[in-house]
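[1] I would like the atomic coordinates for the input below:
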Amino acid sequence: MSDTKENTEELFPLAEYEQEKKEIMQFRSYMSSPFIAASLPLKDVKKNTFKREYNNISLTLTSDTKVPFGKNGRLLLSILTTHAVLKKNKPGEPVVLEYNSIQSLLDELQLPKQRTKEIKEQLECYSGSTFVFKEKITKQVNHYLFEEMFDDDEIYGNVTATIHSTGVIPFFESMQYIDIEDERQNKKSIAFRIVLSDKFTQLSQEHAVPINYSVYKEIKSVIGKDLYTWFVYRNNSIKEGEPLHISRKALVDQFMPVKGNKEGYESEERVNWNYLKEQIKTIKEKYYPELNVSINQGNDGITFHKSKPVIESNDSRYMLVTSLI
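    Next up is the predicted model:
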């Protein structure tokens, strides 16, 4: 995509250039569901660790420099996940991404040349980062499922079983590229070779959610991007006629948790909630018009009804984001 087209997209909101938007190829990409439930930091946290917790899920990022973050970190994560999902690798065969230059990666990300430094920064973040994903799932089950592990009559009737899952996962197995500089001090980055880790590839292939990358890229707010992928993800589990009611507290805790002390909690919570409402309204109006969600009259949360998916199965209007490489 040319810089001119990119500049046009930056200058005009989605709803204001519908005719131009029709000419833009629509791309499908993927996002791993653990990063939807517990997302990357919104901005540079200026340190090499970051932890996000929500309900029974926790995500801890660790890096040798600093962890991935922000808009570009999310866009790059979607591209990495998409390659992992699409690559039909044999057992033991790694997923390898190769780009002749940083511009080739920028083209795939649908970003202009001016984003070169930022994308290289995010690549360096991912290359030295691992994440620990922990999840607790509690279920009521019959004790017969565990009878072989206990003596007779040691347990009886239904039991509450909590499954604890954890794993340390690096994003990359390795990354290599070359920086060149000529006699006129013209600089260029070339010959990128990224090998995704087997664990990241497996996680992506087993827990990926398809999204409309072209729309995802257009969303300016980082919180807006997180809300968009979350709506797409949660819509898959909603049944017709059975709306999902989500409390104001749950939304704030997941997307904009309050970090202040008790004295300032109510004020910060109110500001965060109002911002979330604005982003939900923007997503519904500009980026996901089929989204059937409403703010409750009591201002205590949202009601989310089954909506038309953003990606239909075998929808010919969409092309895989890597299909033109």
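[2] Okay, and the residue nearest to residue 77 when sequence neighbours are not counted sits in which element?
    Among residues not flanking residue 77 along the chain, residue 35 sits closest, at 6.4 Å (Cβ to Cβ, 6 or more residues apart in numbering). Yep, even glycine has a C-beta here, placed from its N, CA and C like the rest. Counting by DSSP states H and E, the element that carries residue 35 is helix 34-37.
[3] Now that helix: average pLDDT?
    The average pLDDT within helix 34-37 is 88.
[4] contacting residues around the helix or strand that comes right after it?
    Per DSSP H and E, helix 34-37 leads on to strand 49-54 as the next helix or strand towards the C-terminus. Contact with strand 49-54 is made by 37-41, 58-63, 67, 69, 253-254, as judged by Cβ atoms under 8 Å, 6 or more residues apart in numbering.
[5] ok, which pair from those residues is furthest apart?
    63 and 253 (25.0 Å; Cβ to Cβ).
[6] more neighbours, those two?
    Neighbours of residue 63 and residue 253, each counted by other Cβ atoms under 10 Å, are more numerous for residue 63; the result is 20 against 16.
[7] which ones are touching the more buried one?
    Residue 63 touches 48, 49, 125, 128, 129, 130, counting by Cβ under 8 Å, 6+ apart.
[8] at 10 Å instead, please
    Residues near residue 63 by Cβ atoms under 10 Å, 6 or more residues apart in numbering: 47-50, 124-131, 171.
[9] Can you list phi and psi of it for me?
    Backbone torsions of residue 63, given as degrees, to the nearest 10, read phi -140, psi 160.
[10] Please report how far it lies from residue 33.
    22 Å (Cβ to Cβ, to the nearest Å).
[11] cool, residue 251 as well?
    The value you get for residue 251 to residue 33, if Cβ to Cβ is used, is 18 Å.
[12] Please apply the same query to residue 61.
    16 Å.
[13] higher neighbour count, these two?
    residue 61 (23 against 19).
[14] And the strands in the protein, which stretches?
    Under the criterion DSSP state E, strands of the chain are mapped to 27-32, 49-54, 57-63, 96-101, 129-142, 158-170, 172-181, 187-196, 208-212, 244-247, 293-295, 301-304, 319-320.
[15] Pick the most buried one from those.
    Among these, ranked by average contacts under mean count of other Cβ atoms under 10 Å, first place goes to strand 27-32 (a mean of 25).
[16] CA atoms only for stretch 271-291, dumped as PDB, please.
    Output in PDB follows, covering the C-alpha atoms of stretch 271-291 (Å, rounded to 0.1, in the frame of the first residue of the first chain):
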ATOM      1  CA  VAL A 271     -13.300   8.600  34.200                       C
ATOM      2  CA  ASN A 272     -12.300   5.100  32.900                       C
ATOM      3  CA  TRP A 273     -15.900   4.000  32.600                       C
ATOM      4  CA  ASN A 274     -16.800   7.100  30.600                       C
ATOM      5  CA  TYR A 275     -13.900   6.500  28.300                       C
ATOM      6  CA  LEU A 276     -14.900   2.900  27.700                       C
ATOM      7  CA  LYS A 277     -18.400   4.000  26.800                       C
ATOM      8  CA  GLU A 278     -17.000   6.400  24.300                       C
ATOM      9  CA  GLN A 279     -14.900   3.700  22.700                       C
ATOM     10  CA  ILE A 280     -17.800   1.200  22.600                       C
ATOM     11  CA  LYS A 281     -19.900   3.900  20.900                       C
ATOM     12  CA  THR A 282     -17.100   4.600  18.400                       C
ATOM     13  CA  ILE A 283     -16.600   0.900  17.600                       C
ATOM     14  CA  LYS A 284     -20.300   0.500  17.000                       C
ATOM     15  CA  GLU A 285     -20.700   3.500  14.800                       C
ATOM     16  CA  LYS A 286     -17.500   3.300  12.700                       C
ATOM     17  CA  TYR A 287     -15.800  -0.100  12.900                       C
ATOM     18  CA  TYR A 288     -18.400  -2.700  13.700                       C
ATOM     19  CA  PRO A 289     -21.900  -1.400  12.700                       C
ATOM     20  CA  GLU A 290     -23.400  -4.900  13.200                       C
ATOM     21  CA  LEU A 291     -22.400  -4.900  16.800                       C
END
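[17] Report the buried residues of that stretch.
    When burial is assessed from 16 or more other Cβ atoms under 10 Å, stretch 271-291 yields the following buried residues: 272-273, 275-276, 279-280, 282-284, 286-288, 291.
[18] Likewise for stretch 201-208?
    Buried, per 16+ other Cβ under 10 Å, within stretch 201-208: 201, 203, 204, 205, 207, 208.
[19] Out of the residues you listed, the closest to residue 114 would be?
    residue 204 (28.8 Å).
[20] Without its sequence neighbours, what residue ends up closest to the closest one?
    Using Cβ to Cβ, 6+ apart, the nearest residue to residue 204 is residue 84, at 3.6 Å.
[21] Could you measure from residue 97 over to residue 188?
    19 Å.
[22] Repeat that for residue 243.
    Taken as Cβ to Cβ, the span from residue 243 to residue 188 is 53 Å.
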